[in-house]
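Chemist: show me the folded form of this:
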Amino acid sequence: MLHTFVAYVEDLPGVLTRVASLFRRLNINIKSLTVGSSERDGLSRMTVVAEASAEAGHRIQASLYKLENVVNVDDIAQAPSVTRELALIKVAATPRTRSQVFELVEVFRARIVDLAPESLTIEMTGVESKIEGLIQVLNEGEGRVLEICRSGKLTMRRGHHTSGVLKAMSIAADEDAEVVEIGLGEQE
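Modeler: You can find the predicted model right below:
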């Protein structure tokens, strides 16, 4: 079973290492990992995709909660969600074969982001199967795939924001307000 864990973590050095080490200790391979800024200052959003049984999924989620600097964890694999991946694909293309590659790029709603004398770089955003489809068609045609760079899955619940995150964000906002009030009180 594929699990998609969305974790909000404090934006501090070493947090990524702790999360990756947890999966290593549990002997579970990470299929995809993306980390970036979140809607709240000081918190990063981490999306981890791993294959594990349902029981192991609950154990992973509980273990993630126990890690220092982890604010919230949600396993949204079974929830309605929007999932996308970004891919950069460099393809060998001569002046004779470029038009075929341009046509394929248009069909897949991708775009050319770099044009060099012997290659093209394609940018594509979509679901994993769509990206795989483009790569397969490119390999079958005149253009040969030279290099691929993929972001990993980015996933977000549809029409729902995790209540635990909202609660954590409001607690952090309350703490920030207290610090400001204490600081102002000391200045008087």
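
Chemist: which other residues reach the longest strand along the chain?
Modeler: Determined from DSSP state E, the single longest strand within the chain is strand 81-92. The contact list for strand 81-92 (CB atoms under 8 Å, 6 or more residues apart in numbering) reads 4, 32, 101, 113, 118-128, 131, 134-135, 138, 143-158. (C-beta placed from N, C-alpha, C; glycine too.)

Chemist: tell me the secondary structure at Gln136.
Modeler: helix (DSSP: H, G, I helix; E, B strand; the rest coil).

Chemist: number of nearby residues for it?
Modeler: By the criterion of other CB atoms under 10 Å, Gln136 has 11 neighbours.

Chemist: look up how far Ile148 lies from it.
Modeler: 12 Å (CB to CB, to the nearest Å).

Chemist: what do these two both touch?
Modeler: Jointly contacting Gln136 and Ile148 under the rule CB under 8 Å, 6+ apart is no residue at all.

Chemist: Ile122 reaches Val107, doesn't it?
Modeler: No. Counting by CB atoms under 8 Å, Val107 is not a contact partner of Ile122; they are 11.9 Å apart.

Chemist: please say which of these two ends up with more neighbours.
Modeler: Ile122 (26 against 11).

Chemist: can you confirm the more buried one is in a strand?
Modeler: Yes. Ile122: assigned to a strand according to three-state DSSP.
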